[in-house]
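Participant: Below is the structure, and that's it, no one-letter string:
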């Protein structure tokens, strides 16, 4: 897989953003289809100031992407997605490793990762990469809930 920094959204990125947004809809029990406007807005939002987008190419076709967000001297991995047809080929690992190296080259020692509590696949992936320290818990008041609960450090939360 070849990795390069992307400078603007294109059809390949929009396709992957649409697939990823559809997955997020399923995790959040959103029953409506992802609209073209949502896909376009998501794709454009990745190119705001403070964000870096990397694309992973196999046979000259975009099959994966990652979005890093810089807040002061902290780098967050906002998104990492591989086309479902291209999974289990090492693309996510190569792209993730590239992001870690990018952050280290910027003089920072660690990369922080946002991950949805239902994203078991990503959580397992991160554990394999040595990520085992819980750093941040985001708490919000939801009007609508999926009805699931999770226990963290003896406290029960809905999500």
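Facilitator: That came through fine. Treat the numbers as computed from the prediction; the structure is a model and nothing was measured.
Participant: For the longest strand along the chain, list every residue counted as buried.
Facilitator: Criterion DSSP state E: the longest strand present in the chain is strand 61-71. For strand 61-71, the neighbour count (16 or more other CB atoms under 10 Å) marks 62, 63, 64, 65, 66, 67, 68, 69 as buried. C-beta coordinates here come from the backbone N, C-alpha and C atoms, glycine included.
Participant: cool, and stretch 70-89?
Facilitator: By neighbour count, and taking 16+ other CB under 10 Å as the criterion, the buried residues in stretch 70-89 are 75, 76, 77, 78, 79, 80, 81, 82, 83, 86.
Participant: Now the terminal residues of that stretch, how far apart.
Facilitator: End-to-end span of stretch 70-89 (CA to CA, to the nearest Å): 28 Å.
Participant: any idea of the mean pLDDT in it?
Facilitator: Summarised as a single mean, pLDDT over stretch 70-89 is 92.
Participant: So for the protein, the centremost residue is which one?
Facilitator: residue 79 (1.8 Å; CA atoms, centre = their mean).
Participant: what residues are up against it?
Facilitator: 20, 46, 65, 66, 67 (CB atoms under 8 Å, 6 or more residues apart in numbering).
Participant: chain center to stretch 60-80: distance?
Facilitator: Chain-centre distance of stretch 60-80: 7 Å, with CA atoms, centre = their mean, to the nearest Å.
Participant: Residues touching stretch 47-65, excluding its own?
Facilitator: The contact list for stretch 47-65 (CB under 8 Å, 6+ apart) reads 1-10, 12-13, 15-17, 46, 66-71, 78-83, 86, 89, 91-92, 94-95, 98-99, 102.
Participant: With stretch 17-37 instead?
Facilitator: Residues outside stretch 17-37 that contact it (CB under 8 Å, 6+ apart): 9, 38-39, 42-43, 46, 65, 79, 81, 83-84, 116, 118-119, 146.
Participant: now, which of those sits nearest residue 110?
Facilitator: When the contacts of stretch 17-37 are compared for distance to residue 110 (CB to CB), residue 79 comes out closest, at 18.1 Å.
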